[in-house]
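1. Quick one: sequence and predicted model below, then my questions.
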Number of protein chains: 2
Amino acid sequence: MNIGPYSVEDYMHLVKSFHGSLAPGLMIGGFMVDLARSELPDGVLYDAISETKTCLPDALQLLTPCTIGNGWLKVMDFGRYALCLYDKYEGKGVRVFLDPEKLESWPEIKMWFFKLKPKSEQDADALRDQILEAGPDILTVQHVTVDMAPLQKKGKGAIAVCPSCREAYPAKDGQTCRACQGNSPYSQEPRNVKSGLRIVSTKKEDHV
Amino acid sequence: MNIGPYSVEDYMHLVKSFHGSLAPGLMIGGFMVDLARSELPDGVLYDAISETKTCLPDALQLLTPCTIGNGWLKVMDFGRYALCLYDKYEGKGVRVFLDPEKLESWPEIKMWFFKLKPKSEQDADALRDQILEAGPDILTVQHVTVDMAPLQKKGKGAIAVCPSCREAYPAKDGQTCRACQGNSPYSQEPRNVKSGLRIVSTKKEDHV
């Protein structure tokens, strides 16, 4: 049995090294990606959607050319354990989801998926065994058309220097960058000026 | 010279295989991650923020334990070429950004970063040489405190089956899942019912 181009063991190793743990969702995600690809016409250039932010994006990033940083993977967090691979020009694609109606024969998977037991009481080995045994049998495939317009890549346009933080930002965002417009995640938005804020430069002669 | 645990050549190979191309942003991103880590206290468990969705998330995913799927990497798309690694319990962290004020000696990098020439007219080899030569010299480090409250991981809570699509979703989202509430990316939201929609099951006896 393979997952993508990998043996199950190699895939588990890869998952552990990238994702940090052998999450059940990534094992199932491997079968989901494989199933979706097998339903796509050969040679189609595809983008991907993950309908959850949990685990599944990493299966897509490991097993397809689509990543967050290259923009071919979009996370649309509906909280559904589903993914879609679709023709990046036409929008026609394949959606695969973990189907609650197919879980009756797989009690450990059902228990985990619906959180019927606290994690500490789940049997990780039995869960993994069932996932590997079930493979694609717990999944359902749908052929869909993605509404491409809202997903089109918008260019950044001209780049300006923000007068507030003095960093580069897309000029179309306004007079200052969006972080300086009040969206900063920092308890004090750092300013690249010689204020009291500790600024460490990589060159000794700068910002002393 | 190394980037993370890799030689520059191995890192370039990894970038190409994961990201699909040897994007300049990922080369610079490698130095950014290294610089941020070198400023963090030893042994601190950290989460990551990428302040852009372009390229930089992939450098973080390749060089740190933080990925989109494990939730340790957040993309906050301010369009700034900046990242932050911060103590996941305390919020204290290190922010690194590509500093426009340090680009005067690196014309190819400046040209690329500010898009002063169309991509077709840029000299990719000269750009790569300058990136490798500059290393961390085009970066600035700031010590910041991340406002943790809005970033706290919220549990999904109880899982329900959506009466509309019949898929599992977080019950707290409402009577139906968020996709069925009108946010679907599909031109017709697929329903897991025996309608005219083509549903391909992985088991012949299902959904015939």
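-> Structure received. Numbering: from 1, shown residues only, chains lettered A, B, ... in the order given.

2. hey, where'd the helices end up in chain A?
-> If DSSP state H is used as the criterion, the helices of chain A fall at A:8-19, A:24-39, A:56-63, A:107-113, A:124-134.

3. Are the first one and chain B in contact anywhere?
-> Yes. Helix A:8-19 lies in contact with chain B when judged by CB under 8 Å from any CB of the partner chain; the contacting residues are A:Phe18, A:His19. Bear in mind the C-beta positions are built from the backbone N, C-alpha and C, glycine included.

4. Just the buried residues of that helix, please?
-> By neighbour count, and taking 16 or more other CB atoms under 10 Å in any protein chain shown as the criterion, the buried residues in helix A:8-19 are A:Tyr11, A:Met12, A:Leu14, A:Val15, A:Phe18, A:His19.

5. Over to the longest one?
-> Applying a neighbour-count criterion of 16+ other CB under 10 Å, one finds A:24-37, A:39 buried in helix A:24-39.

6. what do you get for the shortest one?
-> In terms of neighbour count (16+ other CB under 10 Å), helix A:107-113 has its buried residues at A:Glu108, A:Ile109, A:Lys110, A:Met111, A:Trp112, A:Phe113.

7. from the buried residues of helix A:8-19, which is closest to chain B?
-> Within the set of those, A:His19 lies nearest chain B; the separation is 5.3 Å, counting by CB to the nearest CB.

8. Next up, the contacts around A:Leu116.
-> A:Leu116 makes contact with A:Lys110, according to CB atoms under 8 Å, 6 or more residues apart in numbering or on different chains.

9. next one: A:Thr52
-> Neighbouring residues of A:Thr52 by CB under 8 Å, 6+ apart: A:Val75, A:Asp77, A:Phe78, A:Gly79, A:Arg80, A:Tyr81, A:Ala82.

10. per-domain residue ranges of chain A.
-> Residue ranges for the domains of chain A, per automatic domain parsing: A:2-151, A:154-208.

11. Could you tell me the least trusted of those domains?
-> Here the lowest mean pLDDT among the domains of chain A goes to domain A:154-208, at a mean of 77.

12. Closest one of the buried residues of helix A:24-39 to B:Cys66?
-> When the buried residues of helix A:24-39 are ranked by distance to B:Cys66 (CB to CB), A:Leu26 comes first, at 15.5 Å.

13. can you give me the strands for chain A?
-> Per DSSP state E, chain A carries strands over the ranges A:2-3, A:6-7, A:46-50, A:73-75, A:82-87, A:92-98, A:139-145, A:159-161, A:168-170, A:199-201.

14. would a markdown table of the ones you listed with distance to A:Ser184 and mean neighbour count be doable?
-> Below are those laid out as a markdown table (distance: least, CB to CB, whole Å; neighbours: other CB atoms under 10 Å in any protein chain shown):
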| stretch | distance to A:Ser184 | mean neighbour count |
| --- | --- | --- |
| strand A:2-3 | 40 | 18 |
| strand A:6-7 | 41 | 14 |
| strand A:46-50 | 27 | 25 |
| strand A:73-75 | 22 | 20 |
| strand A:82-87 | 32 | 25 |
| strand A:92-98 | 36 | 23 |
| strand A:139-145 | 38 | 21 |
| strand A:159-161 | 17 | 17 |
| strand A:168-170 | 13 | 23 |
| strand A:199-201 | 16 | 17 |
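
15. Distance to B:Gly4 for these - can I get that in a markdown table?
-> A markdown table is the format used below for the strands of chain A (distance: least, CB to CB, whole Å):
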| stretch | distance to B:Gly4 |
| --- | --- |
| strand A:2-3 | 26 |
| strand A:6-7 | 23 |
| strand A:46-50 | 26 |
| strand A:73-75 | 22 |
| strand A:82-87 | 29 |
| strand A:92-98 | 33 |
| strand A:139-145 | 35 |
| strand A:159-161 | 28 |
| strand A:168-170 | 25 |
| strand A:199-201 | 20 |
